[in-house]
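Visitor: Give the three-dimensional model of this entry:
(one chain, ligands or ions: 2)
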Amino acid sequence: MKSFLFPEFQVFRDENLCDQCRGCERQCAFGTHRYDETQDRMISDDFKCAGCQRCVIFCPKGAITIRPTPSSYRPNANWSREKIEDLKRQAETGGVILTGCGNDKPFRIYWDHIVLNASQVTNPSIDPLREPMELRTFLGSKPDFIDLKVDGDHVDIDTRIGPNLMIEAPILFSAMSYGAISYNAFNALARAACSSGTFFNTGEGGLPREMREEFGRCAIVQVASGRFGIDAEYLNCAAAVEIKVGQGAKPGIGGHLPGEKVSQSVASTRMIPAGADAISPAPHHDIYSIEDLSMLIHALKEATNYEKPISVKIAAVHNFAAIASGIVRAGADIIAIDGLRGGTGAAPKAIRDNVGIPIELAISSLDRRLRDEGIRNRCSIIAAGGTRCSADVIKAIALGADAVYIGTAALVAMGCNLCQKCYTGKCNWGICTQDPRLSGRLNTDIAAMRLSNLLAAWSHEIKEMLGGMGINALESLRGNRDHLRGVGLYEWELDVLGIKGAGE
Ligand code: SF4
Ligand code: SF4
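Guide: Ligands and ions are numbered 1, 2, ... in the order given. The predicted model follows:
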């Protein structure tokens, strides 16, 4: 069938610069470039280009430019180019449109409508280069009160404090499974987490055995509905366990790792046959109530000797705060809440773009709900889905989060250009692929260094912003929404965020 789609991108090659080294042909797994013997020159098939920019960066002559194809359709406010082309695509395939990365629709990005405070005369600002600044954060349940045992001059804490994770800055790497991402990318996240004093999250794909001894101490291992790769050793080698109930990119549905990405190594880590589709059902088949969830939380605590905090990850959807309250009462030590713009390796586009609520609104709702119910101390909140920079992190903390998970930002640090073709398994940057020819392109040491640099840079900036507000410990900012003001927001939005408008 002849396709009626236009190419998404146009490839321009400066013939004066190109020396026909064919490097671009080797770089593009989508087969866009090729050498044409009859014309004795490089030619390109624009229809195949995903816009990943790999050939642009690696052309030794700087001869290539990739640009989005200007729309050829008559302007129509109702029928955008995207709507027309999605419809054509479905008419040609009869299938669900898949995509990768997070929601890219123009929903309001609240981070960009919230501004931070700064100190001036009274309560002066603090110079973070000369004064100690505390970003260290503990994630887990905190007791309602602390009993002290005094014996002469010796004072001891007489209250049992449950297991907590200690992180040097309020940033962790979000769940990205081995299988969805390459071994090298997975390994780089683990290395960067260990060297930066934070944690990576295995996602639902298990933790390769050879990584457990070295990186288990920096791992949060997931228990998802597919139960891939889970045994007692997996649970006990890690620092924390996370039950994945929902995900911001695809709330309410399960996961699907196509058989082509299930290599021998991915298969043995997940404990499934190589080449078989890894399908996670939408629900956990043993969880149909908060009581069921509570049983799983306590089973995992029992299995790990009550030595590891148990996190529950849910997607931010309507009424999620009530659900989260139940989850805390069910015994979770950490709630990870994933918003509308959370990333993914593969999701149906209709779900990714239309289900969920922005994380900024979710953080504030959840923090206030748990405070109102007097149970905020019983769990920590990790916010995920759409954190792009250090300012987003500090705003998330002021809205009420204890820390943030970063996923897409970590991928970008490693080289991702958000082409959204993760689900094809042909990631030219070696990140979202199991093809050894492509995954070998990602140098683990360099990727880990880029990730560590990102965390270091954001930590410096967070200290600068804290100092500017006259605060020397992140703890003092948590849920302190008085340090925030909204710009260009409706009254209902300010109400949900729990902040005043600028000038008030
Ligand atoms: S990589 Fe650059 S120089 Fe080499 S063939 Fe492609 S366009 Fe030409
Ligand atoms: S998909 Fe990437 S590597 Fe291939 S032509 Fe397009 S920009 Fe270049």
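
Visitor: And the helices in the stretch 401-504 of the chain, which stretches?
Guide: For the stretch 401-504 of the chain, the helices identified by DSSP state H, counting those that start in this stretch occupy 408-414, 436-439, 444-468, 491-497, in order along the chain.

Visitor: out of those helices, deepest packed?
Guide: Per-residue neighbour counts averaged over each of the helices of the stretch 401-504 of the chain give the maximum for helix 408-414, namely a mean of 24 (mean count of other CB atoms under 10 Å). To be clear about C-beta, it is placed using only N, CA and C from the backbone, and glycine gets the same treatment.

Visitor: can you give me the mean pLDDT across that one?
Guide: Across helix 408-414, the average pLDDT comes to 98.

Visitor: which one of the helices of the stretch 401-504 of the chain lies closest to ligand 2?
Guide: Closest approach to ligand 2 among the helices of the stretch 401-504 of the chain (CB to the nearest ligand atom): helix 436-439, 11.0 Å.

Visitor: quick check, the closest one touching ligand 2?
Guide: No: Helix 436-439 lies out of reach of ligand 2 by CB under 6 Å from any ligand atom, never closer than 11.0 Å.

Visitor: Residue 194 should be in a helix, yeah?
Guide: Yes: assigned with DSSP: H, G, I helix; E, B strand; the rest coil, residue 194 falls within a helix.

Visitor: Burial check on whatever residue of the stretch 401-504 of the chain ends up closest to ligand 2, number of neighbours?
Guide: Here the residue of the stretch 401-504 of the chain nearest ligand 2 is residue 428; by CB to the nearest ligand atom that distance is 4.9 Å. Close neighbours of residue 428, defined as other CB atoms under 10 Å, add up to 25.

Visitor: Quick check, it in contact with residue 32.
Guide: No: using CB atoms under 8 Å, residue 428 is not in contact with residue 32; the gap is 9.9 Å.

Visitor: Need the residues touching each of these two.
Guide: Residues touching both residue 428 and residue 32 by CB atoms under 8 Å, 6 or more residues apart in numbering: residue 55.

Visitor: quick revisit: got the phi/psi numbers for the residue of the stretch 401-504 of the chain closest to ligand 2?
Guide: Main-chain dihedrals, residue 428, degrees, to the nearest 10: phi -70, psi -20.

Visitor: can you tell me which residues contact the closest residue to it other than its chain neighbours?
Guide: For residue 428, the nearest residue in space outside its immediate sequence neighbours is residue 54; the separation is 3.9 Å by CB to CB, 6 or more residues apart in numbering. For residue 54, the residues meeting the contact criterion (CB under 8 Å, 6+ apart) are 27, 28, 417, 428, 429.

Visitor: okay, now the domains of this structure?
Guide: 9-95, 221-417+444-501 (automatic domain parsing).

Visitor: By mean pLDDT, flag the weakest helix or strand of the protein.
Guide: strand 255-257 (a mean of 85; mean pLDDT, DSSP states H and E).

Visitor: what's that one in contact with?
Guide: Everything outside strand 255-257 that qualifies as a contact, by CB under 8 Å, 6+ apart, is 177, 179-180, 204-205, 224, 226, 247, 266, 277-280, 345-346.

Visitor: Among the residues you listed, which ones are in strands?
Guide: Cross-referencing the contacts of strand 255-257 with the strands (criterion: DSSP state E) gives 278, 279, 280 as the overlap.

Visitor: Looking at the residues you listed, spot the one nearest ligand 1.
Guide: Proximity to ligand 1 was ranked across the ones in strands among the contacts of strand 255-257 by CB to the nearest ligand atom; first place goes to residue 278, at 35.8 Å.

Visitor: right, and that closest one touches residue 260 too?
Guide: No: using CB under 8 Å, residue 278 is not in contact with residue 260, being 11.2 Å away.

Visitor: circling back to that earlier point, export the domains of the chain as CSV, with columns for distance to residue 195.
Guide: Formatted as CSV, the domains of the chain follow (distance: least, CB to CB, whole Å):
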stretch, distance to residue 195
domain 9-95, 26
domain 221-417+444-501, 6
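
Visitor: Deepest-packed of these, please.
Guide: domain 221-417+444-501 (a mean of 20).

Visitor: which one of the contacts of residue 54 is nearest ligand 1?
Guide: Compare each of those with ligand 1 using CB to the nearest ligand atom and the shortest gap goes to residue 27, at 7.2 Å.

Visitor: Next up, the contacts around that closest one.
Guide: The neighbours of residue 27, taking CB under 8 Å, 6+ apart as the test, are 33, 54, 55, 58, 428.

Visitor: what's near enough to touch the closest residue to residue 454 other than its chain neighbours?
Guide: On the basis of CB to CB, 6+ apart, the spatially nearest residue to residue 454 that is not a chain neighbour turns out to be residue 413, at 4.5 Å. Contacts for residue 413 (CB under 8 Å, 6+ apart) come out as 447, 450, 451, 453, 454.

Visitor: Name the residues of this protein found near ligand 2, please.
Guide: Along the chain, the residues adjacent to ligand 2 under the rule CB under 6 Å from any ligand atom are 11, 27-28, 30, 32, 49-55, 66, 428.

Visitor: Near residue 174, how many other residues are there?
Guide: Residue 174 is surrounded by 29 other residues when neighbours are defined as other CB under 10 Å.

Visitor: Using JSON lines, lay out the contacts of residue 413 together with distance to ligand 1 and pLDDT.
Guide: Supplementary listing: these in JSON lines, determined by distance: CB to the nearest ligand atom, whole Å; pLDDT from 0 to 100:
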{"residue": "447", "distance to ligand 1": "23", "pLDDT": "98"}
{"residue": "450", "distance to ligand 1": "23", "pLDDT": "98"}
{"residue": "451", "distance to ligand 1": "28", "pLDDT": "98"}
{"residue": "453", "distance to ligand 1": "28", "pLDDT": "98"}
{"residue": "454", "distance to ligand 1": "28", "pLDDT": "98"}
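
Visitor: Now render those as TSV, adding distance to residue 360.
Guide: As requested, those are arranged in TSV below (distance: CB to CB, whole Å):
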residue	distance to residue 360
447	29
450	27
451	24
453	26
454	21
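
Visitor: Was I right to think residue 111 contacts residue 394?
Guide: No: with contact defined as CB under 8 Å, residue 111 does not reach residue 394; the gap is 10.1 Å.

Visitor: The least confident helix or strand of the chain pairs with which strands, parallel or anti?
Guide: Within its sheet, and counting by DSSP bridges, strand 255-257 is paired with strand 278-280 (antiparallel).

Visitor: which residues touch the partner strand?
Guide: Defining contact as CB under 8 Å, 6+ apart, one finds that strand 278-280 is touched by 179, 204-205, 224-226, 228, 254-257, 262, 270, 272.
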